[in-house]
Each structure stands twice: as C-alpha cells, then as structure tokens.
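> Need a 3D model of the sequence below.
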Amino acid sequence: MSEKSGTSDYEMTTYYYDPDSEPCQKAEVKNFASQFLPPLYSLVLIFGLVGNALVVLILIKYKRLKSMTDIYLLNLAISDLLFILSLPFWAYYAAREWYFGDAMCKILSGVYYAGFYSGMFFIILLTIDRYLAIVHAVFALKARRRTYGILTSVVIWGVAILASLPWLIFHGAQKEVSHWSCSPHYPPGQERKWKQFQTLKMNILGLVFPMVIMIFCYTEIIKTLLRCRNEKKHKAVRLIFIIMVVYFAFWTPFNIVVFIYTFQNSFSLNNCERSSQLEIAIQVTEAIAMIHCCINPVIYAFVGEKFRKYLRTFFQNHIVVHLCKHCPALHSDKLDRVSSTYTPSTAENDISFGL
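Numbers count the residues shown, from 1 in each chain. Predicted coordinates:
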C-alpha cells in the first residue's frame with residue numbers, strides 16, 4: 001500500500017494490483033495527482049464553501065426551518081460542507097505527502113465517507129418526502145412534520161457514521177520509504193476481502209439502493225402528476241428531481257470505475273498498464289464527483305424562485321448596503337416583502353426553494 005490518490009480509499013502503486021504479480025511502479029499516477037488535484041480541490045473549496053454556506057444561512061435565517069423539506073435540505077448542505085472542509089488536507093497530500101498525523105488521517109477519512117453516505121441518504125429522504133406529498137397527500141399532512149424531519153435526520157447521520165466506520169478504523173498514517181502516507185491497513189490476509197466488501201457496500205448503498213427507490217418514487221409521482229395536471233405540484237417535484245439527476249450524473253462514473261478497479265482480476269485488467277489507467281480514471285472521476293459539492297447551490301439559484309428572492313434580499317440588506325451606504329434605493333427592499341411569501345400553511349406544502 002502506498003500513496004493516496006486524493007480522498008478515496010483507492011491507493012496508488014500496488015494497492016489493488018495483484019500481490020502475486022511483480023511490483024508495478026506507477027510514478028505517472030502520482031505525478032498526475034500532484035498536478036491535477038490541488039488546483040481543482042482549491043476551486044471546489046472556494047465555490048463550494050461559499051455556495052453551501054449561503055444555503056445554510058438562507059434556510060436558517062429566512063426559511064426558519066419550518067418544514068421537513070427544509071430540514072433535509074439543510075442536512076444535505078452540511079453533508080457537502082463535510083467534503084469541502086477536508087479538501088485542503090487532501091490537496092496538500094496529493095501534492096506532497098501526509099503531514100497531519102494518524103488521528104487526522106482517521107478522522108478525515110471517516111468524515112469523507114460520512115459525507116458521501118449522508119448526502120446520498122438525504123437525497124433519498126427528499127425523494128420520499130416528495131413522494132408522500134404528491135402520491136399520499138392526506139397521509140403526508142400527518143407524516144411530513146418538522147419534528148419527524150429532525151428525528152429521521154438524526155437516524156440518517158447515525159447510519160452514515162456506522163457505514164463509514166471501517167474507513168475510520170482501518171485508515172492510518174504510515175512511514176513509507178521516503179514519505180508519510182494516509183492509507184487503509186487491513187488485517188493481514190484479509191486485505192482483498194475487505195477492499196471488495198467496502199467497494200460493494202459503497203456501490204449498493206450509494207448507487208443501486210438509491211436508484212431503485214428513486215425509480216419507484218418518481219414513477220408513482222409521474223403517474224399522479226399526469227392524472228392531476230397540477231402546475232404547483234409539477235414545480236414542487238422539479239427541484240428534487242434535478243438534484244437527484246445531477247447527483248447520479250456526477251457520482252455514477254466514480255462508482256463504476258472503482259468497482260472495475262476493485263475486481264480488475266475478473267475483468268482481465270490486472271496488468272500494470274491497465275491498472276495505472278484505472279487509477280488515473282479514479283482520480284478524474286472522483287474529482288468530478290467532488291465538483292458536485294458546488295452544484296446544489298447553483299441548482300437552487302436557477303430552479304428555486306424563492307431562493308433567488310432570499311439571496312437577493314440577503315445581498316441587498318447585508319452586502320450591497322454596506323458597500324454603498326448612500327444608495328437609498330437599496331434600503332427599500334426589506335425582508336418583510338420576501339418573508340411574506342410564506343406562511344405557516346404554505347411552509348409545510350412547498351418545496352422550500354422550489355416554488
């Protein structure tokens with residue numbers, strides 16, 4: 001086991017290469033990671049941190065977390081922030097070596113996967129929330145309460161932490177020939193089984209299981225919408241549907257490449273050249289997946305009318321006003337005009353940023 005390609009569990013050099021084969025040195029993989037990942041992670045850090053921080057601010061300050069949907073969107077933004085706040089450490093590691101000790105190696109590895117699983121689980125909850133609101137509207141009046149949203153969020157975070165626990169336990173800092181690495185160290189003789197188990201778990205929980213649930217939910221939602229022809233309900237499902245599609249578009253390539261890499265013997269790809277190509281493919285697809293952390297705020301801005309109003313109000317009342325104190329027109333747009341767009345009755349029935 002050698003150097004970590006970025007933030008994933010998939011190491012370079014000989015990590016997944018057949019241990020019965022001759023050593024496979026892959027200097028080009030490390031060189032590619034050191035040049036490609038740090039600048040990309042820096043951009044994701046800047047845009048993702050600003051975007052998701054604004055989402056959290058608007059949900060708390062303007063939406064006041066009045067509905068179950070608001071609770072789930074808040075937790076989805078927090079999941080993205082978990083990825084983002086760890087990026088400076090992984091960027092430094094990709095460029096040089098692991099400098100932050102054994103404890104930080106374990107914590108950041110656990111945080112990465114807790115963010116991955118929790119983000120996927122909250123997208124599932126948002127989909128189920130839309131399904132209940134549209135297909136089972138009467139039952140949803142009782143089930144879609146803020147209290148239930150908080151309770152299910154606590155459960156989801158517990159499940160996400162349990163799912164990420166093996167990475168926290170097995171990851172550790174280790175002195176290699178001339179540098180320090182942060183990589184998984186499984187019990188002797190069990191390395192291959194643990195790697196295969198981790199990959200299967202990630203693909204089942206992060207791809208197959210969510211896809212089955214979402215296909216079922218949106219099939220029933222589309223049937224209901226075709227019957228009722230309600231424009232408000234069409235808008236209510238649009239935001240969550242786009243969030244779901246974007247998630248799969250960004251994360252599916254990474255899951256597929258990791259699966260092929262883990263079981264490369266079964267695909268007759270266990271030679272040095274193919275293994276190197278797969279490791280570079282993992283780096284590229286993982287970097288694409290990390291960009292997803294910046295996308296949800298953009299979706300809200302383009303799809304959610306209320307989000308745009310809240311965002312405009314925030315900038316006018318807290319940013320532009322301080323930059324231009326002698327512009328009286330900027331002071332006329334008060335929060336009351338925006339906050340009046342929702343009431344206790346509508347807060348439980350809209351899609352937060354979507355209407």
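> Check which residues of stretch 52-63 are buried.
For stretch 52-63, a neighbour-count test (16 or more other C-beta atoms under 10 Å) marks 52, 54-56, 58-59, 62-63 as buried. No exception for glycine: its C-beta is placed from N, CA and C like everyone else's.
> same question but for stretch 100-109, I mixed them up
Going by neighbour count (16+ other C-beta under 10 Å), the buried part of stretch 100-109 is 104-109.
> cool, stretch 270-282 as well?
Applying 16+ other C-beta under 10 Å to stretch 270-282 flags 270, 272, 274-282 as buried.
> The residues you listed in helices, which ones?
Judged by DSSP state H, those include 272, 274-282 as members of helices.
> what about the stretch 101-250 of the chain, any weak spots by pLDDT?
The model of the stretch 101-250 of the chain has pLDDT under 70 over residues 229-236.
> Apply 80 and report the result again.
176-178, 226, 228-240 (pLDDT under 80).
> tell me which of the buried residues of stretch 52-63 is nearest to residue 243?
Using C-beta to C-beta, residue 55 comes nearest to residue 243 of these, at 11.8 Å.
> On the three-state scheme, residue 119 is what?
helix (DSSP: H, G, I helix; E, B strand; the rest coil).
> In contact with it, which residues?
With contact set as C-beta atoms under 8 Å, 6 or more residues apart in numbering, residue 119 has these partners: 76, 79-80, 83, 247.
> Distance from the chain centre to stretch 61-73, please.
Taking C-alpha atoms, centre = their mean, to the nearest Å, one finds stretch 61-73 lying 19 Å from the centre of the chain it belongs to.
> Which positions within it qualify as buried?
Neighbour-count burial for stretch 61-73 flags 62-63, 65-73 (criterion: 16+ other C-beta under 10 Å).
> about what we covered before: could you find the lowest-pLDDT member of the buried residues of stretch 270-282?
Within the set of these, pLDDT is lowest for residue 270 (70).
> Ramachandran angles for that one?
phi -90, psi 30 (degrees, to the nearest 10).
> pretty sure it contacts residue 263?
No. Residue 270 lies out of contact with residue 263 (C-beta atoms under 8 Å); the separation is 9.7 Å.
> Make JSON lines from the buried residues of stretch 270-282 and add distance to residue 44 to it.
Shown next, in JSON lines, are those (distance: C-beta to C-beta, whole Å):
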{"residue": "270", "distance to residue 44": "32"}
{"residue": "272", "distance to residue 44": "31"}
{"residue": "274", "distance to residue 44": "29"}
{"residue": "275", "distance to residue 44": "27"}
{"residue": "276", "distance to residue 44": "25"}
{"residue": "277", "distance to residue 44": "24"}
{"residue": "278", "distance to residue 44": "23"}
{"residue": "279", "distance to residue 44": "21"}
{"residue": "280", "distance to residue 44": "19"}
{"residue": "281", "distance to residue 44": "19"}
{"residue": "282", "distance to residue 44": "17"}
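> Closest to residue 35 out of the buried residues of stretch 61-73?
Among these, and counting by C-beta to C-beta, the member closest to residue 35 is residue 73, at 35.8 Å.
> Off-centre distance for the helix or strand encompassing the closest one?
Secondary structure assigned from DSSP states H and E places residue 73 in helix 68-95. A distance of 7 Å separates the centroid of the chain from that of helix 68-95, by C-alpha atoms, centre = their mean.
> What of stretch 137-144?
So, by C-alpha atoms, centre = their mean, the centroid of stretch 137-144 is 28 Å from its chain's centroid.
> Restricting to C-alpha, output it in CSV.
Taking C-alpha atoms only, stretch 137-144 is exported to CSV below (Å, rounded to 0.1, in the frame of the first residue of the first chain):
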residue,chain,number,x,y,z
ALA,A,137,-51.1,13.8,0.2
VAL,A,138,-53.6,13.0,3.1
PHE,A,139,-51.1,10.8,5.0
ALA,A,140,-48.4,13.4,4.3
LEU,A,141,-50.3,16.0,6.3
LYS,A,142,-49.5,14.0,9.5
ALA,A,143,-46.2,12.5,8.5
ARG,A,144,-44.3,15.5,7.0
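> what residues does that stretch touch?
67-69, 129, 132-133, 348.
> Pipe those into JSON lines and attach distance to residue 182 per row.
Listed next are those as JSON lines, based on distance: C-beta to C-beta, whole Å:
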{"residue": "67", "distance to residue 182": "40"}
{"residue": "68", "distance to residue 182": "38"}
{"residue": "69", "distance to residue 182": "37"}
{"residue": "129", "distance to residue 182": "37"}
{"residue": "132", "distance to residue 182": "42"}
{"residue": "133", "distance to residue 182": "43"}
{"residue": "348", "distance to residue 182": "45"}
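> And the residues you listed, which is closest to residue 307?
Ranked by distance to residue 307 (C-beta to C-beta), the contacts of stretch 137-144 are led by residue 69 at 12.5 Å.
> I'd say that closest one and residue 127 touch.
No. The pair residue 69 / residue 127 is not scored as a contact, 11.2 Å apart, by C-beta under 8 Å.
> now the helices for this protein?
In the chain, the helices defined using DSSP H lie at 27-58, 68-95, 101-135, 137-143, 146-170, 191-203, 209-228, 231-262, 272-303, 305-314, 321-323, 335-339, 344-347.
> ok, the buried residues of stretch 52-63 vs residue 224, which is closest?
residue 63 (25.8 Å).
> And the pLDDT for the closest residue to that closest one other than its chain neighbours?
Of all residues not flanking residue 63 in the chain, residue 70 sits nearest, at 5.1 Å (C-beta to C-beta, 6 or more residues apart in numbering). Note for residue 70: predicted pLDDT of 89.
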